[in-house]
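Undergrad: requesting a structural model of the entry that follows:
(one chain, ligands or ions: 2)
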Amino acid sequence: MAKIEAARGRIIEDSRGEKTIEIDLLSRGREFKSSVPSGKSRGKFEAKPIAPEKALESLERVMRVAGKKNFETQREFDDFLINLDGTPDKSSLGANLILALSISFARLAAAEENLPLYEFLRRQSAGASSSFPRLLFNLINGGVHVSASDSPLPFQEYLAVPKTSSPEAALKTGFEFIETLKGVLAPRGEADRFGDEGGFVVSGLDPELGLELLDEARRVYGDRVDLSIDAAASSLWDARESVYKWRSQTWTGEELLKIYEWIIKRYGLLSIEDPFDEERMEEWETLSRERRGVWIIGDDLTATNVERMKKAAQARAANGVIIKPNQIGTVSETIAAVNLARQFDWKVVVSHRSGETDDDFIADLAYGIGADGLKSGSPLQGERLVKYKRLVQIEKSLKQEVNK
Ligand code: PGA
Ligand code: ZN
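TA: Ligands and ions are numbered 1, 2, ... in the order given. Model (predicted):
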């Protein structure tokens with residue numbers, strides 16, 4: 001049973017230098033801190049954050065009621081927040097405030113039970129395995145994560161994914177691979193510009209170029225990484241003209257499909273995230289039907305929302321899902337989304353947002369629920385690295401347990 005004695009909130013800056021909130025919950029002389037990220041290529045089905053100043057005002061409203069209560073479980077606390085908010089998209093208290101409170105509460109409840117956070121989360125998740133996620137490093141940034149004056153590539157993320165299930169080995173491979181990639185980009189004069197998630201910026205209009213460069217680095221480094229993309233195609237979709245569009249380039253859904261078929265074959269892709277717009281499930285279905293071995297992952301499509309996930313499963317649109325706690329707003333709803341994904345036999349990739357903080361909650365979440373992947377940008381940026389390092393720390397602590 002957890003009793004919140006007091007709460008404090010403040011405004012901090014995220015990795016983009018934008019304002020976000022940090023919350024402490026206080027209980028029995030201890031404080032449980034958390035802060036929340038924000039996305040730029042946000043899907044229309046996501047829960048809605050509110051201005052940080054307003055969110056801090058909401059905190060007072062929450063504490064007037066919460067300060068008098070005891071909460072038995074995470075679910076009970078999250079339901080209390082959901083009911084107090086009373087809107088379908090959490091826009092009254094703010095999805096940012098609700099998530100910060102929910103995560104701080106998870107830390108508090110784990111401490112009450114004397115459990116590591118990942119173990120507390122595992123116990124709420126149905127049938128979680130105890131393996132580590134693969135690490136998906138976003139090494140070439142494009143799309144809306146790069147300033148338009150740098151003429152970024154059309155797809156938002158070009159990723160390298162070390163072929164190991166050990167976070168420590170994966171992180172080492174990641175850093176070595178980044179050095180090799182630098183060597184490939186330097187002669188192009190493109191080894192020193194970075195996008196929002198700490199990956200390199202390459203200019204151009206050809207969506208395949210990012211993969212070509214990663215593949216060139218892979219030929220030098222050795223075949224120890226898989227390649228993936230996040231097309232973030234909702235950002236490319238132009239509903240008025242019914243085409244996908246990036247600066248002077250346009251593609252029909254069929255043309256994009258052809259590009260995906262080609263790059264899957266050529267680079268042996270592990271995964272493609274958001275290949276089409278979030279409302280065009282019939283296009284998704286065509287790709288998923290033909291490419292069963294590739295992870296076809298919904299992000300804007302599914303929005304960590306069980307209703308959206310059911311729709312996508314019914315349309316056979318995807319075989320994997322991105323899990324972002326701030327798309328839905330509470331820890332229990334995030335875990336409910338994971339449990340549903342498991343029922344569908346989908347791959348589960350836990351993810352950060354493009355505007356991040358030093359909070360490493362998603363690392364405990366990814367390990368706790370037995371995710372297939374953790375996607376947290378390039379390890380060159382501090383706010384991303386803390387997530388990867390937390391997994392390495394968990395891995396080391398488990399080895400020590402075994403050796404005791
Ligand atoms: P976002 O992008 O955090 O800017 O929405 C991340 C993603 O699309 O995976
Ligand atoms: Zn995405």
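Undergrad: can we go C-alpha only for contacts and neighbour counts from here?
TA: Noted.
Undergrad: and whichever residue of the stretch 201-350 of the chain sits closest to ligand 1, how many neighbours?
TA: Among the residues of the stretch 201-350 of the chain, Ala232 lies closest to ligand 1, at 5.7 Å counting by CA to the nearest ligand atom. When counting by other CA atoms under 10 Å, one arrives at 29 neighbours for Ala232.
Undergrad: also Ser248?
TA: 6.
Undergrad: quickly note the distance from it to Ile297.
TA: To Ile297, Ser248 is 27 Å away according to CA to CA, to the nearest Å.
Undergrad: need the nearest residue in space to the residue of the stretch 201-350 of the chain closest to ligand 1, chain neighbours excluded.
TA: In space, Ala232 comes closest to Asp274 once its chain neighbours are excluded; the distance is 5.0 Å by CA to CA, 6 or more residues apart in numbering.
Undergrad: my guess is that neighbour meets Thr302, correct?
TA: No - taking contacts as CA atoms under 8 Å, Asp274 lies outside contact range of Thr302: 9.6 Å.
Undergrad: of those two, which one has the most company?
TA: Set side by side, Asp274 and Thr302 give different neighbour counts by other CA under 10 Å, the larger being at Thr302 (28 against 25).
Undergrad: how about the secondary structure of that one?
TA: The three-state label given to Thr302 by DSSP: H, G, I helix; E, B strand; the rest coil is coil.
Undergrad: buried ones in the longest helix belonging to the chain?
TA: Across the chain, the helix with the greatest residue count (assigned by DSSP state H) is helix 382-403. Residues of helix 382-403 classed as buried by neighbour count (16 or more other CA atoms under 10 Å): 383-392, 394-395.
Undergrad: run through those and flag the ones next to ligand 1.
TA: By CA under 6 Å from any ligand atom, no member of those lies near ligand 1.
Undergrad: of those residues, closest to ligand 1?
TA: After measuring the buried residues of helix 382-403 against ligand 1 - CA to the nearest ligand atom - the closest member comes out as Arg384, at 12.2 Å.
Undergrad: grab the nearest non-local neighbour of whatever residue of the stretch 301-404 of the chain ends up closest to ligand 1.
TA: Sorted by distance to ligand 1 under CA to the nearest ligand atom, the residues of the stretch 301-404 of the chain start with Arg353, at 3.3 Å. With sequence-adjacent residues excluded and distances taken as CA to CA, 6+ apart, Arg353 is closest to Gly39, at 5.0 Å.
Undergrad: equivalent analysis for Ser332, please.
TA: For Ser332, ignoring the flanking residues on the chain, the nearest one in space by CA to CA, 6+ apart is Arg75 at 5.7 Å.
Undergrad: which strands and helices sit next to the helix or strand of the chain with the lowest mean pLDDT?
TA: When each helix and strand of the chain is scored by mean pLDDT, DSSP states H and E, strand 2-3 comes last, with a mean of 82. When contacts are defined as 3 or more CA pairs under 8 Å, 6 or more residues apart in numbering; DSSP states H and E, strand 2-3 packs onto strand 70-71, helix 95-112.
Undergrad: spatially speaking, which residue is in the middle of the chain?
TA: With distances taken as CA atoms, centre = their mean, Ser351 lies nearest the centre of the chain, 1.6 Å away.
Undergrad: what parts of this structure come near ligand 1?
TA: By the rule CA under 6 Å from any ligand atom, the part of the chain lying against ligand 1 is 39-42, 232, 353-354.
Undergrad: hmm, try it at 5 Å
TA: Selection of the chain residues close to ligand 1 by CA under 5 Å from any ligand atom yields 39-42, 353-354.
Undergrad: and these, which of them are buried?
TA: Looking at the residues of the chain next to ligand 1 with 16+ other CA under 10 Å, the buried ones turn out to be 41-42, 353-354.
Undergrad: that older thread, how far does the longest helix of the chain sit from the chain's center?
TA: On the basis of CA atoms, centre = their mean, to the nearest Å, the separation between the geometric centre of helix 382-403 and that of its chain is 18 Å.
Undergrad: any weak-confidence spans in the stretch 51-200 of the chain?
TA: Low-confidence segments of the stretch 51-200 of the chain (pLDDT under 70): 127.
Undergrad: find the closest residue to ligand 1 in it.
TA: Of the residues in the stretch 51-200 of the chain, the one nearest ligand 1 is His145, at a distance of 6.7 Å by CA to the nearest ligand atom.
Undergrad: quick one, strands of the stretch 1-150 of the chain?
TA: The residue ranges that make up the strands of the stretch 1-150 of the chain, judged by DSSP state E, counting those that start in this stretch, are 2-3, 6-13, 19-27, 30-35, 70-71, 134-141.
Undergrad: so which of those strands gets nearest Val62?
TA: Nearest to Val62 among these is strand 6-13; the distance by CA to CA comes to 9.6 Å.
Undergrad: who are the packing partners of that closest one?
TA: With contacts defined as 3+ CA pairs under 8 Å, 6+ apart, strand 6-13 has these neighbours: strand 19-27, helix 52-66.
Undergrad: in the stretch 301-404 of the chain, which spans are strands?
TA: In the stretch 301-404 of the chain, the strands defined using DSSP E, counting those that start in this stretch lie at 320-323, 347-351, 373-375.
Undergrad: mean pLDDT and distance to Val184 added to these, as JSON lines?
TA: What follows is the strands of the stretch 301-404 of the chain, written out as JSON lines (pLDDT from 0 to 100; distance: least, CA to CA, whole Å):
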{"stretch": "strand 320-323", "mean pLDDT": "98", "distance to Val184": "30"}
{"stretch": "strand 347-351", "mean pLDDT": "98", "distance to Val184": "27"}
{"stretch": "strand 373-375", "mean pLDDT": "98", "distance to Val184": "23"}
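Undergrad: got these as a markdown table, with distance to Ile264 columns?
TA: Written out in a markdown table, the entries for the strands of the stretch 301-404 of the chain read as follows (distance: least, CA to CA, whole Å):
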| stretch | distance to Ile264 |
| --- | --- |
| strand 320-323 | 16 |
| strand 347-351 | 18 |
| strand 373-375 | 19 |
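Undergrad: that'll do, ta.
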